[in-house]
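Participant: Need coordinates for the below:
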Amino acid sequence: MLLEGIETLLALSQEKTMSRVGSQLYISQSAVSKRIALLEKKLGKKLIVPDGRHVRLTSAANELIASIGPTFQELQGRIYEQYDLQDQTIIKLDCSETLVAGYLCKMMGEHFKCDAAIRISTHHTPRIVERVQSGKATIGFCAGHLPAQHGLKVISLWQEPFVLISQAPLLQLPKQVLTNDLSNPANRNQFDMLSQLKIEALMEMDSYSAAAQLALGGIAAALVPLSVVKTLKIEAKYCFSFESLKPLSRPINICLRPNSYQNERVKRLIAAIVDVVPTTV
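Facilitator: As a prediction, the model looks like this:
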């Protein structure tokens, strides 16, 4: 019961609401509340307080997560490694949303013909890494920089370039741009580069596609990766590149627990992904 409570608290720190945690863990909202209450009773500490429609973690909860969170994820991962991936065992592939749209759609249609026991879900890169560490995902297909000391096997595929999308012609770098969420650690290099160039993030979206569409609507230029340009079939007349932005790119990586790479089905899926990711512009 103690481990269930810790797992629930970790999920609550990510999802912020009891209902979302219940959906993630496949339990009822009342079961989520019961797990947290039992954990509080066991530890003798208040861990959550109501905050409108959400819940807020107490300082005691944050200290607990910082102390045992990484260890708990590693324990879950080691338990996961004891399972044998048979022919019909579900392989969970966690991906960045833009990578699904940009690279996987056609490829997965073909791959499903020979292996249909695969399930795809989309998350931001830090969340993908956490899920692979804990064994909740078999493979992570990530865009952006990975967190330090993740302990996973990483297959580096490409440094994907960025493009400025603008309805109006750009003769020089704009002063303001639409970006993806720069508070996401995976996007830290974008924040650093824009700061160096004295470019302000006018709006931060949770979707590159949304930023690109707003740019085409005339709000402001948007900084988006090349795969988004291709997915949305944005015409070349709306795409602009500048020499000072060429150093800016986002790493495309596959990550997984080292033992998972011993499985032949996992190897075949990774090989199929590698084949559809470009190596040059």
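Participant: For Gly144, the count of nearby residues, please.
Facilitator: By the measure other Cβ atoms under 10 Å, the count of residues near Gly144 is 24. The way it works is simple: take the backbone N, C-alpha and C, and place the C-beta from them, glycine included.
Participant: now the closest residue in space to it that isn't next to it in sequence: how far from Arg250?
Facilitator: Nearest non-adjacent residue to Gly144, counting by Cβ to Cβ, 6 or more residues apart in numbering: Ala186, 2.8 Å away. Separation of Ala186 from Arg250 (Cβ to Cβ, to the nearest Å): 8 Å.
Participant: Now list whatever residues contact both of these two.
Facilitator: Listed contacts common to Ala186 and Arg250 are Ala143, Gly144, His145; contacts here mean Cβ atoms under 8 Å, 6 or more residues apart in numbering.
Participant: Check which helices and strands the helix or strand harbouring Val163 sits against.
Facilitator: Val163 belongs to strand 153-165 when assigned by DSSP states H and E. Packing partners of strand 153-165 (3 or more Cβ pairs under 8 Å, 6 or more residues apart in numbering; DSSP states H and E): helix 208-216, strand 221-225, helix 226-232, strand 239-240, strand 249-256, helix 264-276.
Participant: now do 7 Å
Facilitator: On a contact count with 3 or more Cβ pairs under 7 Å, 6 or more residues apart in numbering; DSSP states H and E, strand 153-165 meets helix 208-216, strand 221-225, helix 226-232, strand 239-240, strand 249-256.
Participant: follow-up on the earlier one: report the contact partners of the residue nearest to Gly144.
Facilitator: His124, Thr125, Pro126, Gly144, His145 (Cβ atoms under 7 Å, 6 or more residues apart in numbering).
Participant: between the residues you listed, which is nearest Ile91?
Facilitator: Thr125 (19.4 Å; Cβ to Cβ).
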